[in-house]
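Student: Provided below for reference: sequence and predicted model.
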There are 2 protein chains.
Amino acid sequence: MSPSPRSSPRPTIKDVAAEAGVSTAAVSKAFNRTGRISEPTRLRIMEAAARLGWSPSASASALRRSRTRTVAMVVSRATDVLGADPHFTEVITGLESELSPRGYGLLLHLVSDVREESALYERLVAEGRVDGAVLTGSRVDDPRPALLERLGLPSVLLGAPDGIALGQQEAGLGEAVRHLLDLGHRRIGYVSGPDDQVHTGFRRRVFTEALAAAGLEPVAAIATDFTADAAVAATERLLAMRPRPTAIVYANDSIAVCGIGTAQRAGFAVPRDLSVIGYDNLPLGQWLYPGLTTVDQHVRLVGAAAARALLARCGEDIASPPLTERPRLVVRESTGPAARSTA
Amino acid sequence: MSPSPRSSPRPTIKDVAAEAGVSTAAVSKAFNRTGRISEPTRLRIMEAAARLGWSPSASASALRRSRTRTVAMVVSRATDVLGADPHFTEVITGLESELSPRGYGLLLHLVSDVREESALYERLVAEGRVDGAVLTGSRVDDPRPALLERLGLPSVLLGAPDGIALGQQEAGLGEAVRHLLDLGHRRIGYVSGPDDQVHTGFRRRVFTEALAAAGLEPVAAIATDFTADAAVAATERLLAMRPRPTAIVYANDSIAVCGIGTAQRAGFAVPRDLSVIGYDNLPLGQWLYPGLTTVDQHVRLVGAAAARALLARCGEDIASPPLTERPRLVVRESTGPAARSTA
């Protein structure tokens, strides 16, 4: 991007220094928080800068694209899902672990659909509010990457198969299915996320293919919108089947926990009557009893890797090595030998 | 705040209109997304504005304080705690329910201590990045409200007793204690949060006073840093006491869930051998089995009320009625009659 040809007089750091009666070095110190400078002086400089409408970023943007040290994350999932799913705090924690040491903030916006999300990106870019964007929830026919490329906004996509190699993704769910097969399970159900998310179709295919390799089919694969209500309903449907499945794999830990509660409340012991596997390895899973067997997809590391990749695209001098951690099965207490044949 | 006396020529909406070959009304429509305007025209206008360095907010700030439509939330809790505790997604969901319909974003920053947090506020204010701030985790001798007042940044404090009247706070925990007393419990333990948080001392006092009203004392009150490890350790300590407590009240749901898992893993049935009460009423509690008895402090409503109060302080035309919902006990399955006397 070449420097824009603007030349209209804007306040400079020299104007601020003159206004505050200090050196330009002092102004720089006050804003960068380097070197020693007294609190009253810092305040006088900040006030002078505010009066003149000067700030380091505004000044820099006169000649080159400004660094806002802000990264947008626009979440378009329904409010109820965001609230219920600790997955998001894990992702945010991973992102922040790379952003905050570099002074970057994460600008969170909640939108109700892709149309609103697209409009928001246009506004954020037009107003020069962010340096880049973290996209969540890769969808089928996702219009966002093309939009952001057109807008010239660096971005990174979380939760897309291209973020992690396909073979690595398979490793986790394939391991889960083989673990159940080894325990003697033959009737295995699957409770997935929404059909319009890329990972839903992908994981279901991996699940189905792992069963097919043993000459089996899923007893059922039920899609949900990831809400607790839908997870309860799907679990009840599976438990009402005759013959009943002896194991259920859930597409995330939150709905797996709902599934365990639903089974226990209906009088089934986990894992004696029903084995359960989740996906994510959220911290919660290890503190419940029985502890949740789950696929660790290293949510925080994925968030941290996404942040590094995005920072590099934003021009930060930062190494962005590919994520090498493969999803892996974490066996705890919610899986056990298959129950004997039930009517 | 009187208008600043600056008069240096900045690009105006007229310059943008001329550059894009449209009317100023069209520029306004393109940025405000009002009225009908074709996508190619909108893009041409955005590009013209970008070339000239014009944006609605930058333009407005030449004369008056700019509206960034951004609110800061600086979280200073340890990374591990943020990740483990779904409480934050609930708070954020509540905040966003009021912010996003008005086009506001939430700028999240993670810091390691109050010093870093204060420096960050100064930078955000100096750079004109935010219109206001949501403060979390009210601490003993909290320096932040005074700092923000000095900086002139509107703010609102979440989780402080002044956010909700003291008597209302008492209602919830007092109800919890009376519920246990009614069930015949006499040996009740308490597991709290960190000692430097205002609500820790406050809730412990309410807890202790409710017991004192029945002529009882807590068998123990153990402070934790809200991590799962600390919750497990505190629970093990309480369960090792002789005579053993028959009920434990936890200062939040996350550590209560850890406590239930710890008790069950050690062979105690909940609620037969041990009754457990949490605090927050996170969605998870109702899906576990046994369902968690807890104090509903209306986390989302508290977040939404805080957002409304802050928006009003930022000059938005918005009603900010006081939060009238009182914390209340939600009885589920984790509490039951006190176990018979144990050695």
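Tutor: Thanks, I have it.
Student: Show me what from the stretch 101-250 of chain A comes close to chain B.
Tutor: A:103, A:105-111, A:119, A:122-123, A:125-129, A:228, A:231-232 (Cβ under 8 Å from any Cβ of the partner chain). Quick note: C-beta positions are derived from backbone N, CA and C, even for glycine.
Student: Now go through these and say which are in helices.
Tutor: The subset of these located in helices under the criterion DSSP state H comprises A:119, A:122, A:123, A:125, A:126, A:228, A:231, A:232.
Student: And these, which is closest to residue B:315?
Tutor: Proximity of those to residue B:315 was ranked by Cβ to Cβ; the top entry is residue A:123 with 19.8 Å.
Student: where does chain A have low pLDDT?
Tutor: A:1-10, A:31-35, A:55-66, A:76-86, A:138, A:159-170, A:341-343 (pLDDT under 70).
Student: ranges for the helices of the stretch 201-343 of chain A?
Tutor: Secondary structure of the stretch 201-343 of chain A by DSSP state H, counting those that start in this stretch: the helices cover A:228-239, A:253-265, A:299-313.
Student: Now the longest one: buried residues?
Tutor: So the one you mean is helix A:299-313. Of the residues in helix A:299-313, those scored as buried under the neighbour-count criterion (16 or more other Cβ atoms under 10 Å in any protein chain shown) are A:299-300, A:302-313.
Student: What of the first one?
Tutor: For helix A:228-239, burial by neighbour count (16+ other Cβ under 10 Å) applies to A:228, A:230, A:231, A:232, A:233, A:234, A:235, A:238, A:239.
Student: what angle sits between it and helix A:253-265?
Tutor: Our comparison of helix A:228-239 with helix A:253-265, counting by axes from the mean of the first three to the mean of the last three Cα atoms, to 10 degrees, yields an angle of 50 degrees.
Student: just the last one next, same as before
Tutor: Relative orientation of helix A:299-313 with respect to helix A:253-265: 170 degrees, computed using the same axes, to 10 degrees.
Student: which pair in the ones in helices among the residues of the stretch 101-250 of chain A next to chain B spans the largest distance?
Tutor: Across those, the longest distance by Cβ to Cβ is 43.8 Å; it joins A:126 and A:232.
Student: Need the phi and psi values for residue A:266.
Tutor: The phi and psi values for residue A:266, taken as degrees, to the nearest 10, are phi -80, psi 0.
Student: With adjacent residues omitted, what lies nearest to it?
Tutor: Using Cβ to Cβ, 6 or more residues apart in numbering or on different chains and skipping residues adjacent in sequence, the residue nearest residue A:266 is residue A:239, 6.2 Å away.
Student: list the contacts for that neighbour?
Tutor: When contacts are counted by Cβ atoms under 8 Å, 6 or more residues apart in numbering or on different chains, residue A:239 is found next to A:245, A:262, A:263, A:266, A:268, A:274.
Student: Could you check how far residue A:318 is from chain B?
Tutor: In this structure, residue A:318 and chain B are 18 Å apart, going by Cβ to the nearest Cβ, to the nearest Å.
Student: wait, that residue sits on residue A:310?
Tutor: No: with contacts defined as Cβ atoms under 8 Å, residue A:318 does not count as touching residue A:310, sitting 9.6 Å away.
Student: the domain parsing of chain A - what is it?
Tutor: Each structural domain of chain A that the record assigns through automatic domain parsing is listed here as a residue range: A:13-61, A:70-163+A:301-313, A:166-297.
Student: Show me where the stretch 51-200 of chain A has its helices.
Tutor: Remark: helices assigned in the stretch 51-200 of chain A by DSSP H, counting those that start in this stretch are A:56-61, A:79-84, A:87-99, A:114-126, A:144-151, A:166-182, A:198-212.
Student: Quick one: the ones you listed as a markdown table, columns for distance to residue B:177 and mean neighbour count too.
Tutor: Formatted as a markdown table, the entries for the helices of the stretch 51-200 of chain A read as follows, by distance: least, Cβ to Cβ, whole Å; neighbours: other Cβ atoms under 10 Å in any protein chain shown:
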| stretch | distance to residue B:177 | mean neighbour count |
| --- | --- | --- |
| helix A:56-61 | 53 | 17 |
| helix A:79-84 | 28 | 20 |
| helix A:87-99 | 30 | 24 |
| helix A:114-126 | 46 | 19 |
| helix A:144-151 | 51 | 15 |
| helix A:166-182 | 44 | 19 |
| helix A:198-212 | 46 | 18 |
